[in-house]
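Asks: Could you look at this predicted model? Sequence included:
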Amino acid sequence: MAESVPYWITSDFFEKALKYDGKHSDKKIISFDIKRTGAAGDHYSSEIYRATVTTTENGKTEEISIIVKCKRQQGQISKITEGNDIFKTEAKTLANIHIPINKLLEKAFRGSYQPIAAKCIYTQDVPTAIVLEDLKKQGFTLATVTHGLDLKHCLHVLRNIAQYHACSVVVRQQEPSSFKTFLDYYFENKEYSGMNAYFQNTVKSVKREAEKWSGYEKCVDSLTALESETFGRWINSVLRQEDGYNVLIHGDLWLNNIMFRYSDENDVQEVRYVTSNILY
């Protein structure tokens, strides 16, 4: 077992998680193996582990692969997000938003329906954890971050997120109380001074690189002017206008949060989102 695994991830934890749906009250844990997915820091606000759990139920032995997401307790990102519990937000999203969105998509697309994200199996507040199905076992993989996405991949992602936006409008009309969590803007709190520094440092890093490029002097001047304004500009650009057309924004749509499944000819067939913890 990996040394960095939280102490509270035990057989009892997995038994509770796998019984949570109420359909497997006789399930028992025989053993489990758990390892971190990727390198430390790959997922910024989370630590993500893949667990292979061997279970027995009614005389039948089964091996189940699941994903465990834990809240990061250390590092700059944990300081930035500590003023807003993004894990509770994600848990509410999985239960109150993704389920009705998937029902809408299933009704609209029938035989060609594709879920928008990994299925949630279990959540808990203390210690904070979210357990998800393992998309890798269904043939999904991450794209290579350093390669980026080609047009075909991008079109699949954009089509998927467009459906997400459209369905969020319908769900809010049908179940407005489900959106209470998202009506307080995520970065308005004073606690997010850390995010301001994060934005400034990002612009400074780009500026330092641009200073090495001949012919980009105007860009350097623009980046210098932007250093102290970038966070405020971003906030203003995403503030909700109540008289406008508002949709639920994913907020963390980047390559490590998107998985793809391919055909035998290596064409993209399906897209799934892995996490949904920064929505507004």
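Replies: Received it, and whenever you're ready, just let me know what you need. This one's a predicted model, so the numbers in the text were calculated from it and none came from an experiment.

Asks: Tell me how far the spatially closest residue to Tyr216 that is not a sequence neighbour lies from Tyr198.
Replies: Nearest non-adjacent residue to Tyr216, counting by C-beta to C-beta, 6 or more residues apart in numbering: Ala210, 5.0 Å away. Yep, even glycine has a C-beta here, placed from its N, CA and C like the rest. According to C-beta to C-beta, to the nearest Å, Ala210 and Tyr198 sit 19 Å apart.

Asks: Compute the number of surrounding residues for Asp12.
Replies: When counting by other C-beta atoms under 10 Å, one arrives at 10 neighbours for Asp12.

Asks: re earlier: dump the residue contacts of the residue nearest to Tyr216.
Replies: Residues near Ala210 by C-beta atoms under 8 Å, 6 or more residues apart in numbering: Tyr216, Cys219, Val220, Leu223.

Asks: Could you measure from the first one over to Val203?
Replies: Per C-beta to C-beta, Tyr216 is found 14 Å from Val203.

Asks: ok, the two, which is more surrounded?
Replies: A count of neighbours by other C-beta under 10 Å puts Val203 above the other of Tyr216 and Val203, at 19 against 15.

Asks: shouldn't the more buried one be in contact with Ser222?
Replies: No - using C-beta atoms under 8 Å, Val203 makes no contact with Ser222, being 9.9 Å away.

Asks: rewinding a little: give me the pLDDT for the residue nearest to Tyr216.
Replies: We have a pLDDT of 94 for Ala210.

Asks: do the same with Val68
Replies: Confidence score, pLDDT, at Val68: 94.

Asks: The stretch 101-250 of the chain: helices as residue ranges?
Replies: 151-174, 180-183, 193-210, 217-226, 230-238 (DSSP state H, counting those that start in this stretch).

Asks: out of the ones you listed, nearest to Tyr20?
Replies: Judged by C-beta to C-beta, the one of the helices of the stretch 101-250 of the chain that comes nearest to Tyr20 is helix 180-183, at 20.9 Å.

Asks: Contacts only, for Glu15.
Replies: Neighbours of Glu15 in contact, by C-beta under 8 Å, 6+ apart: Lys27, Lys28, Ile29.

Asks: give me the low-pLDDT residue ranges for this protein?
Replies: 1-3, 38-45, 73-85, 183-194, 276-280 (pLDDT under 70).

Asks: That one: strands as residue ranges?
Replies: Secondary structure of the chain (DSSP state E): strands located at 28-36, 46-57, 60-71, 120-124, 129-133, 140-142, 258-262, 268-273.

Asks: C-alpha coordinates for the third one, CSV please?
Replies: I take that to be strand 60-71. Listed next in CSV are the C-alpha coordinates belonging to strand 60-71 (Å, rounded to 0.1, in the frame of the first residue of the first chain):
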residue,chain,number,x,y,z
LYS,A,60,-19.4,-14.3,-4.9
THR,A,61,-16.0,-12.7,-5.0
GLU,A,62,-15.5,-9.6,-7.1
GLU,A,63,-12.7,-7.1,-7.8
ILE,A,64,-13.8,-3.5,-8.1
SER,A,65,-11.7,-0.6,-9.2
ILE,A,66,-12.7,2.9,-7.9
ILE,A,67,-11.3,6.4,-7.6
VAL,A,68,-10.9,8.2,-4.2
LYS,A,69,-10.6,11.9,-4.2
CYS,A,70,-9.3,13.6,-1.0
LYS,A,71,-8.9,17.2,-0.2
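
Asks: That strand vs strand 129-133, what angle?
Replies: Angle between the axes of strand 60-71 and strand 129-133 is 130 degrees (criterion: axes from the mean of the first three to the mean of the last three C-alpha atoms, to 10 degrees).

Asks: What are the buried residues along strand 60-71?
Replies: Buried residues in strand 60-71, counted by 16 or more other C-beta atoms under 10 Å: Ile64, Ile66, Ile67, Val68, Lys69, Cys70, Lys71.

Asks: Show me what it is packed up against.
Replies: helix 11-18, strand 46-57, strand 129-133 (3 or more C-beta pairs under 8 Å, 6 or more residues apart in numbering; DSSP states H and E).

Asks: make it 7 Å
Replies: If you count contacts as 3 or more C-beta pairs under 7 Å, 6 or more residues apart in numbering; DSSP states H and E, strand 60-71 packs onto strand 46-57, strand 129-133.

Asks: Highest mean neighbour count out of the ones you listed?
Replies: Among those, the stretch with the highest mean neighbour count (mean count of other C-beta atoms under 10 Å) is strand 129-133, at a mean of 21.

Asks: Okay then, goodbye and thanks.
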